[in-house]
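Participant: Everything below, folded, please.
(one chain, ligands or ions: 3)
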Amino acid sequence: MTVTIVGSQLGDEGKGALVDRWGGDADVVVRYQGGDNAGHTVVEGGTEYKLSLVPSGAVRDKVGILGNGCVVNPRTLFDELDTLREQGLDPDVRVARRAHVILPYHRVLDGIEEEAKADDDAGQEVGTTGRGIGPTYEDKAGRRGVRVADLLDAAALREKLEYAVPHHRAIVEDVYGIDLEATDRAEAFDVDALHEEFVAIGERLVEEGMTVNCSDFLYRRSKAGDRIMFEGAQGTHIDIDHGNYPFVTSSNPTAGASAVGSGLGVTTVGKGEVVGIVKAYLSRVGSGPLPTELDNTDEEEELADFIREKGGEFGTVTGRPRRIGWLDVPMLRHSARVNGFTGLAVNHVDVLAGLEELKVCHAYELDGEERDTVPTTTERWNRCEPVYKEFETWEEVDWSAVAAEGYEALPEATKTYLDYLAEELDAPVYAVGVGPDREETIELANPFEKSG
Ligand code: GDP
Ligand code: IMO
Ligand code: MG
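Facilitator: Ligands and ions are numbered 1, 2, ... in the order given. Okay, here's the model as predicted:
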C-alpha cells in the first residue's frame with residue numbers, strides 16, 4: 001500500500017507538513033529524487049523541524065529511506081542528523097547503495113556554471129540552490145558518477161575518482177579558464193583528500209547500518225503488508241521533463257519517478273494514492289516565468305510583500321525571498337494530468353485571509369487564443385496572459401479553532417474556492433492547511449484508508 005506526496009507547483013507547497021500528517025500511518029517514508037536542495041518543514045506542537053535530506057517521517061519515528069533516485073551529500077546528511085538528534089529525535093535513515101553521491105566538486109561546478117550563466121547576460125541563470133544537484137545528476141547520466149556503494153569499496157572509489165576528478169578539473173581550467181590552485185576551491189579536486197574523506201564516510205555508513213538495497217528492502221516490506229509513503233521533493237513545474245525547462249531541477253519530482261527512484265514496482269505504486277500538494281497561491285524561488293506574479297504595480301508588490309511576510313515565504317535552504325503570484329490553475333491542470341492525482345491537499349488558506357481581492361488564473365491567453373494548460377516552452381509560457389476569475393475573499397478567523405472543529409467550520413468563501421479547485425482538477429480535497437502545525441491541517445480523508 002503506497003501513498004505518494006507530490007508538489008503540484010514550484011516547490012515549497014507544504015509537502016513536509018502532509019508527509020508528517022499522514023506519516024503517522026506509514027511504516028516507511030521514502031525520498032525518491034532530489035537531494036539537499038529540498039527544505040521540508042514539519043511543525044509539531046510549536047516545535048519546528050527543518051528537513052533537507054532526512055525524510056520527514058523522522059518526526060514520527062518512521063524508517064526513512066533515501067532511494068536510488070536521490071543524490072546524497074553525506075556531509076550535509078550527517079550534519080542534519082546531528083541537528084535533529086539535538087532536537088530530541090532519533091532518525092533511522094538508510095541510504096540506497098545505488099544512490100549517487102554529491103562530492104565537493106559538484107557543488108563547486110554548480111557555482112561556476114551559475115556564475116558563467118549570470119555573466120553572459122542571456123538570462124540563463126537558473127538560481128539553483130548551489131548544492132551540486134545538477135552536476136551530480138549529469139555525472140550519473142554521463143556514467144562517471146560515484147554511488148553510495150562505491151564508498152564501501154576503497155579500490156573502486158579510487159578508480160572512479162581518478163577518472164572523474166581530472167575530467168572536471170579540465171573543464172574548470174580549460175573551459176571556464178579558472179586557475180583552481182589560485183582559489184580556495186582546489187581542495188574539492190584533490191583525489192587523495194577526497195578518497196580519504198569518503199572512505200571514512202563509507203565506514204561510518206556501514207558502522208551505523210545506514211546503507212540498503214532499496215528495491216529489495218521495499219519489496220520485502222511491501223510484501224509483508226507495510227505502508228509505504230513516498231515523499232516527493234521540489235514540484236511538478238521544476239521537473240526536468242514536465243516542468244519549465246531549463247528553469248528546473250535535474251530530477252523528476254513527478255509521481256512516476258517514485259517507482260524508478262526507489263525500485264518498488266510501478267504496478268505496486270500504481271495501486272496506491274497520489275496526493276497533489278497545492279499552495280493556495282504561488283511561490284517561486286529561482287528564475288523562470290511566473291505569469292501571475294504580483295510585481296506589475298506598487299499595489300501588487302505591496303500585496304506580494306504582505307503574503308511573503310505572512311506566509312514566511314523565504315527559502316528554507318537559501319533564505320532567498322520567494323516570488324509570489326496568484327494561484328495558477330492551468331499549471332495545476334498540467335500537474336493533475338502528469339501525476340494522476342487521486343486527491344489534493346490545499347495549504348496556506350489562512351495566509352489568504354483578510355485580502356481586499358482574491359484572484360485565480362483560470363486560463364491563459366496566448367496569441368489570441370484561450371488555453372487551459374501550460375505550453376511546452378518557456379518562451380511561449382512567458383507570453384501567456386492570465387485570464388482571471390475573481391473569488392469572494394474570506395476574513396481572518398481563529399484558524400486553530402477552525403482546525404479543531406473541522407471542514408464545516410471553514411468560511412463559506414474558502415469552501416467555494418476549494419470546491420472550484422477540486423472540480424477543475426478532477427480530484428477531491430483530502431486536506432486543508434490552515435497553519436503550519438500538525439494540528440492545523442483539516443483532514444477530510446486519509447489516503448492510506450483509500451490506497452489499494
Ligand atoms: P515543502 O518544501 O513543500 O515541504 O514546504 P516548505 O517547508 O519549504 O514551505 C512551506 C512553509 O509553509 C513551511 O514553513 C511550513 O511550516 C508552512 N506551512 C505548511 N502548511 C501551511 C499552512 O497551511 N499555512 C501556513 N500558514 N503555513 C504552512
Ligand atoms: P522543496 O522540496 C523550491 C529550485 C531552485 C532553482 C531550481 C534548480 O523544498 O519543495 P537545484 O539546486 O535543484 O539545481 O535548483 O529548482 N528548487 C526548489 N524550489 N523548493 C525546492 O524544494 C527546490 N529545490 C530546488 O530554486 O530554481
Ligand atoms: Mg521547501
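Participant: ok, residue 15 - how many residues close by?
Facilitator: By the measure other C-beta atoms under 10 Å, the count of residues near residue 15 is 27. Any C-beta I mention is one placed from the backbone N, CA and C, and that applies to glycine too.
Participant: quick one: it and residue 5 touch, right?
Facilitator: Yes - with contact defined as C-beta atoms under 8 Å, residue 15 counts as touching residue 5 (5.4 Å).
Participant: tell me, what's touching these two both at once?
Facilitator: Jointly contacting residue 15 and residue 5 under the rule C-beta atoms under 8 Å, 6 or more residues apart in numbering are 231, 232, 277.
Participant: and which of these is nearest to residue 176?
Facilitator: Of all those, residue 232 has the smallest distance to residue 176: 33.3 Å, by C-beta to C-beta.
Participant: show me what contacts the closest one?
Facilitator: Counting by C-beta under 8 Å, 6+ apart, residue 232 has contacts 4, 5, 6, 7, 15, 32, 33, 253, 254, 255, 257, 258.
Participant: sorry, back to before: JSON lines for the shared contacts of residue 15 and residue 5, including distance to residue 127 and pLDDT?
Facilitator: Shown next, in JSON lines, are these (distance: C-beta to C-beta, whole Å; pLDDT from 0 to 100):
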{"residue": "231", "distance to residue 127": "24", "pLDDT": "98"}
{"residue": "232", "distance to residue 127": "20", "pLDDT": "98"}
{"residue": "277", "distance to residue 127": "22", "pLDDT": "98"}
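Participant: Quick one: mark the members of those residues that sit in strands.
Facilitator: Among these, the members falling in strands (DSSP state E) are 231, 277.
Participant: returning to what we had before: which two of the contacts of residue 232 lie the greatest distance from each other?
Facilitator: Using C-beta to C-beta, the pair of these lying farthest apart is 15 and 257, separated by 14.2 Å.
Participant: Do a quick rundown of the helices in the stretch 151-300 of the chain.
Facilitator: Read by DSSP state H, counting those that start in this stretch, the stretch 151-300 of the chain holds these helices, from start to end of the chain: 154-170, 191-207, 214-223, 257-260, 266-270, 298-311.
Participant: Deepest-packed of the ones you listed, please.
Facilitator: A comparison of these by mean neighbour count, using mean count of other C-beta atoms under 10 Å, puts helix 257-260 on top with a mean of 24.
Participant: Counting by contacts, list what that one packs against.
Facilitator: Secondary-structure packing of helix 257-260 (3 or more C-beta pairs under 8 Å, 6 or more residues apart in numbering; DSSP states H and E): helix 266-270.
Participant: Residue 347 pairs with what?
Facilitator: Listed by DSSP bridges, the beta-bridge partners for residue 347 are residue 279.
Participant: and it, what is it in contact with?
Facilitator: Counting by C-beta under 8 Å, 6+ apart, the residues that residue 347 touches are 13, 14, 17, 18, 277, 278, 279, 280, 432, 433.
Participant: do whatever helix or strand the third one lives in and ligand 3 meet at all?
Facilitator: Remark: residue 17 resides in helix 15-23, with elements defined by DSSP states H and E. No - for helix 15-23 and ligand 3, the contact criterion (C-beta under 5 Å from the ion) is not met; the two come no nearer than 7.0 Å.
Participant: Just the CA coordinates for that helix, please, in CSV.
Facilitator: C-alpha atoms of helix 15-23 as CSV (Å, rounded to 0.1, in the frame of the first residue of the first chain):
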residue,chain,number,x,y,z
LYS,A,15,4.8,18.7,1.4
GLY,A,16,6.7,18.1,4.6
ALA,A,17,3.6,19.1,6.7
LEU,A,18,1.4,16.5,4.9
VAL,A,19,4.1,13.8,5.0
ASP,A,20,4.2,14.4,8.7
ARG,A,21,0.4,14.4,9.0
TRP,A,22,-0.1,11.1,7.2
GLY,A,23,3.3,9.7,8.1
